[in-house]
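Colleague: got a structure for you, letters missing:
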């Protein structure tokens, strides 16, 4: 009965965690974020309730690598109203209605004059597209194609009550120290307005991963959680943290982690980094449908981390692959497009990947001549002639391959076992002095 | 209308080029060539109307590597006549009727005495085989098996009016200088008598490739076109040009390029040379049916170039694979076995392969820290949130992989794009100083 | 007629050899072997009739690597008798009935008291299992599950007339000297009692392989045949022969070579050793069904040889894979489970593998500039224009790839020919001074 109650409460705890993940997405959804401005600040202040974030503000005009931090954009209201004063397109109804980074405008225009500023998706006539114009000053509205088709000719009052002026770009970090100052980077873009899967799921999962890892007593790597606007945010962080960047040993960008597509892992540029192998292994052992895709220089901030000057091995974990599902960058990426269960599953997989990377050490067999006699140490069943259990086989695998040239991930891949079994076997051998850390010369 | 006219005249120009290729094959077809003698000289003099060839004559008896230049062979007439004086086998009807390099003979023989000197193809009873005996002095006739079966017993007058005497071996070269003294070699065997596909198509296509490349303003590599008899010709050229041979960076032998088989590319001995990858890439992107085959030490002069002392990476481009189609080395390899359209297609593919090898440079990204801001340089569309066009993606690929370790072919293979798109992207980045040549240290 | 008679007597000789292999298995079958004791000694004395074995005795208590040579075990009789004195389980009927290494016992026990000492196979109720307890002192009986089910409650007389006392561990070697003091090791475990496939077939085939190799006039490698108890025997030999162990270049363990399963080759830990490639090649060319399996650190003495301290490349040749067929380690592994024909086939394959490893030399082409003129040396057919026979092609392959970096096995794999054809071609080229041994600098 106790066991059943234990299982029930574990299941209940999982369900509760799923609800918490989803509740955070719900809270963040209405905010109009951009690459700068108060929407990002408000978002980071909500995340600060979960983690003690360290927030940085970088002034507009600052040179960051090949780029310049742009003016800060804020928006209060925007609409297109007909002559009766009725708002036919209204920012207050959906913040996707305004092209992100639109300059202020106040004008009376005919529909014909307005048209070049209107963006629709003729093939998805019910959806509002998401459009931005960060680096070329313009303004515009996004609306469903059906909405556009229904607009009668005539004059319209157009208003965008925004400001684009010197200010700053905002990003935040949370650092969980480990035994080493080498780092694992979890990077999430924070710049998208009311789009759930891309990327409120990434934000929520990153925050709850940090909470979970904080509860683990020992950790080899320092783990850095970065919440920054896409492209310019990662570039700004890299510009300000060149030395730290050189200490990032493994990384992931997170996005689109709540939709119903199979998992997608996008590899680093080398395609053979530890993070690539760890993600591939965890996904394969999960038996969940998934695809591994090669790196390509488009997507999210893995582009910047993997650039030839930095070459930081950062992969990308997603469910639906960005740009490849019809809801992507439209108003259909809403609260019903993501689910608590799928976010929870994403979080659990992500946690396993980070655990594997953190636990992936190479040891040296201290009794390498033949097999050590495990029986006399109580590490091996006494009666010969029958099958060998998994843990015994794991002990033999770790002993055989711990020659200084194989990590536990190498051994896991060879043994085709769960990483955790291999890790437990290594810990048992360490406790019996059959395994040691590598010394300098190894 | 102009565009349609433009397309029409491009199509007409292609058709005209196809006719020119075929006309050259027609003109060369009747000549009786061998590894030495006037047939080769007459052939090279016809090619000289297209290209200013430099012709070499190497005296019989000259030591060339492990070989000796043989005596020169010339033939004026040959026949087997019956007692009524009727020529039942006649060199003037087809030069395949005489075993190439036959010693002179003038005799009256019974059919039984004649038989050991008669060669037929019992399984292809209508065709005359092609036979040679360069290094063992003998004589013989080739005829269709039906012809042989129809010969009545009796006495025959046998005549081969040939000479085999000290003279010289002839080969010719045409060199198109490039920026570097490293070379691309296009090697074609010139020794076959009246056989069209093998190798008058190779000769014609080589000549027209040279004409096309001559019209290109800049070229990285020097391109050398070699027209030499098979085996002994390549060996003679290698013996006389050891230093130049060491500067050949890429090469191709050409043969069987007018028949109706799918394309065949035979790799160099390493199987991973640039020429191998370039040919594989162009063939794959062409969507034409084709096969890639591994090197084997039999075939044409790629054997000599790939020998362990030289190891020059020379592949072989063919349609039908030599020795593998029924018309090979028979009288069926005639003018109707090859077509203008197929020769033209071969020429176009070949040209793309040479262009790729010549354009395959490794550059260094001069703004390698993150992605450079392409938008401010007018290299990138302004409006975010939509799909990326091919050329923009090509720019990002070239930037990401130009770390000194990847050539444009490497990038092309990773990006799965046309080489020309990648080449254009690299040229745009070079023009904007975002890409530079590798320096010594790279 | 002579040829037919020759073929008949070759076939008869093969059949006779099969019968000899089987007869040796028959003779060895009744003996109760263990990891020490008189059963092993008697077995080795029978093998000594075939080969002049050198026998070693290592005293109990000797430290060997991480292990200690155990006390010697001998057994004379054992039974469970009912109150009428009838032996319901009798060691004299089958030596599997006693748990190998059982301590002596003489007691009257109820069935309930006896049960913890009784081992059966409930899923294979007719078979007696094979059980051992070498390193934990206990005693027990093995019987069929049906036998156990039929035992009435009541009192039983239990007797194991064994001794477990200081003595020695016995192993034997036979060394066939070669030109080099580098060695090929053929290792066979000698410790199993009445089990035929595992491993009397291994013992018989090893002995007859030694006889066959002895008749070959020249051999590059010294070949060492080791007959030792599993695990502790290999560990003892390695402990006593560290320097010799370092000279073992290739090795095989032999087991399960007479059953009806397809062949199984288990690779060395690197998976790419010469022995791995040789076994894979011979099996592939044999056209016999087979599987290649990756190394795993469980099985027979390949575990010890492949341990990280030694890393001796020792693979394992089997038919049925140990532990994977239902007769394994049961009384069903009897004389009817193995056949003369299958043992003979195993011996022949094994011999080809050893021949390939021994003949796998790298040479240097002494005429590497172009192809040497084979015709003038009588190594090549004179008449050009036709197909090339296998041996001619083999000559060209050996010449092309003998650049100091390819062994004859490399060449065999590239040429996709029988190793023997390549070996013959190399010998012809050696005889004509076209090939030479590698010098120091190569």
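Modeller: Good, I have the coordinates. Every value quoted in this text rests on a predicted model; they were computed, and no experiment measured them.

Colleague: pretty sure residue A:240 contacts residue A:64?
Modeller: Yes: Residue A:240 lies in contact with residue A:64 (CB atoms under 8 Å); the separation is 7.4 Å. The C-beta positions use only the backbone N, C-alpha and C, and glycine is treated the same way.

Colleague: joint contacts of these two?
Modeller: Common contact partners of residue A:240 and residue A:64 (CB atoms under 8 Å, 6 or more residues apart in numbering or on different chains): residue A:58.

Colleague: if you count what's nearby, which of the two comes out ahead?
Modeller: Shown here are residue A:240 and residue A:64; by other CB atoms under 10 Å in any protein chain shown, residue A:64 has more neighbours (20 against 14).

Colleague: list the contacts for the more buried one?
Modeller: A:58, A:232, A:235-236, A:238-240.

Colleague: got it, and residue A:368?
Modeller: Each residue near residue A:368 by CB under 8 Å, 6+ apart is listed here: A:399, A:403, C:307-309.

Colleague: Counting only helices, which of these make the cut?
Modeller: Using DSSP state H, the members of the contacts of residue A:368 that fall in helices are residue A:399.

Colleague: Around residue A:31, how many other residues sit close by?
Modeller: For residue A:31, using other CB under 10 Å, the count is 17.

Colleague: Check which helices and strands the longest helix seen in chain A sits against.
Modeller: Ranked by residue count under DSSP H, the longest helix found in chain A is helix A:2-28. In terms of contacts (3 or more CB pairs under 8 Å, 6 or more residues apart in numbering or on different chains; DSSP states H and E), helix A:2-28 is packed against helix A:38-47, helix A:201-214, helix A:340-359.

Colleague: Please identify the deepest-packed of those helices.
Modeller: Neighbour counts (mean count of other CB atoms under 10 Å in any protein chain shown) averaged over each of these peak at helix A:201-214, with a mean of 23.

Colleague: and the helix or strand just after it with chain B, contact?
Modeller: Next along the chain after helix A:201-214, taking DSSP states H and E as the criterion, comes strand A:222-228. No: Strand A:222-228 stays clear of chain B (CB under 8 Å from any CB of the partner chain), getting no nearer than 12.7 Å.

Colleague: could you point out which element follows strand A:222-228?
Modeller: Counting by DSSP H and E, the next helix or strand C-terminal to strand A:222-228 is helix A:232-240.

Colleague: so what secondary structure elements neighbour that next one?
Modeller: strand A:54-59, strand A:63-64, strand A:67-68, strand A:168-176, strand A:183-189, strand A:222-228, helix A:302-305.

Colleague: which one of these lies closest to residue A:246?
Modeller: strand A:183-189 (9.9 Å; CB to CB).

Colleague: Mind listing the strands that closest one pairs with, and their directions?
Modeller: In the sheet, strand A:183-189 lines up against strand A:222-228 (parallel), strand A:248-254 (parallel) (DSSP bridges).

Colleague: Throw the ones you listed into CSV and include distance to residue C:300, thanks.
Modeller: Formatted as CSV, those follow (distance: least, CB to CB, whole Å):
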stretch, distance to residue C:300
strand A:222-228, 45
strand A:248-254, 40
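
Colleague: How about the contacts made by the residue of the stretch 151-300 of chain A found nearest chain B?
Modeller: Nearest residue of the stretch 151-300 of chain A to chain B, counting by CB to the nearest CB: residue A:297, 3.8 Å away. Counting by CB under 8 Å, 6+ apart, residue A:297 touches A:303, A:306, B:371, B:393, B:396-397, B:399-400.

Colleague: Then residue A:111?
Modeller: With CB under 8 Å, 6+ apart, residue A:111 has these contacts: A:151-154, A:156.

Colleague: The residues you listed, buried ones only, as a ChimeraX selection?
Modeller: Here is the ChimeraX command that selects only those of those that count as buried (16 or more other CB atoms under 10 Å in any protein chain shown):
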select /A:151,156
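
Colleague: of the contacts of residue A:111, closest to residue B:259?
Modeller: Of all the contacts of residue A:111, residue A:151 has the smallest distance to residue B:259: 64.0 Å, by CB to CB.

Colleague: if I read this right, that closest one contacts residue A:88, doesn't it?
Modeller: Yes: counting by CB under 8 Å, residue A:151 touches residue A:88, with 6.3 Å between them.

Colleague: The host helix or strand of residue A:76 and chain B in contact?
Modeller: Per DSSP H and E: residue A:76 is located in strand A:72-81. No: using CB under 8 Å from any CB, strand A:72-81 never reaches chain B; the gap is at least 13.4 Å.

Colleague: which helices and strands sit right next to that strand?
Modeller: strand A:87-90, strand A:155-165.

Colleague: among the ones you listed, which is the most enclosed?
Modeller: strand A:87-90 (a mean of 19).

Colleague: Sheet-wise, list the partners of it with their directions.
Modeller: For strand A:87-90, pairing defined by DSSP bridges yields strand A:72-81 (antiparallel).

Colleague: which residues make contact with the partner strand from outside it?
Modeller: Residues contacting strand A:72-81 (CB under 8 Å, 6+ apart): A:32, A:34-38, A:60, A:87-92, A:97-98, A:100-102, A:114, A:141, A:156-169.

Colleague: Could you tell me how far that strand lies from the centre of the chain?
Modeller: Per CA atoms, centre = their mean, to the nearest Å, the displacement of strand A:72-81 from the mean C-alpha position of its chain is 29 Å.

Colleague: And that strand, what's buried?
Modeller: Neighbour-count burial for strand A:72-81 [16+ other CB under 10 Å]: A:72-75, A:78-81.

Colleague: Give the rounded mean pLDDT of it.
Modeller: Per-residue pLDDT values over strand A:72-81 give a mean of 98.

Colleague: same question, stretch A:423-437
Modeller: Stretch A:423-437 comes out with an average pLDDT of 95.

Colleague: Contacts for that stretch, please.
Modeller: A:359, A:361, A:363-367, A:372, A:377, A:379, A:391, A:394-395, A:397-399, A:402, A:408.

Colleague: how close does residue A:249 sit to residue A:314?
Modeller: 11 Å (CB to CB, to the nearest Å).

Colleague: If you count surrounding residues, which of the two has more?
Modeller: Higher neighbour count among residue A:249 and residue A:314: residue A:314, with 28 against 19, using other CB under 10 Å.

Colleague: Taking the contacts of residue A:297, tell me the two that lie furthest apart.
Modeller: A:306 and B:393 (15.0 Å).
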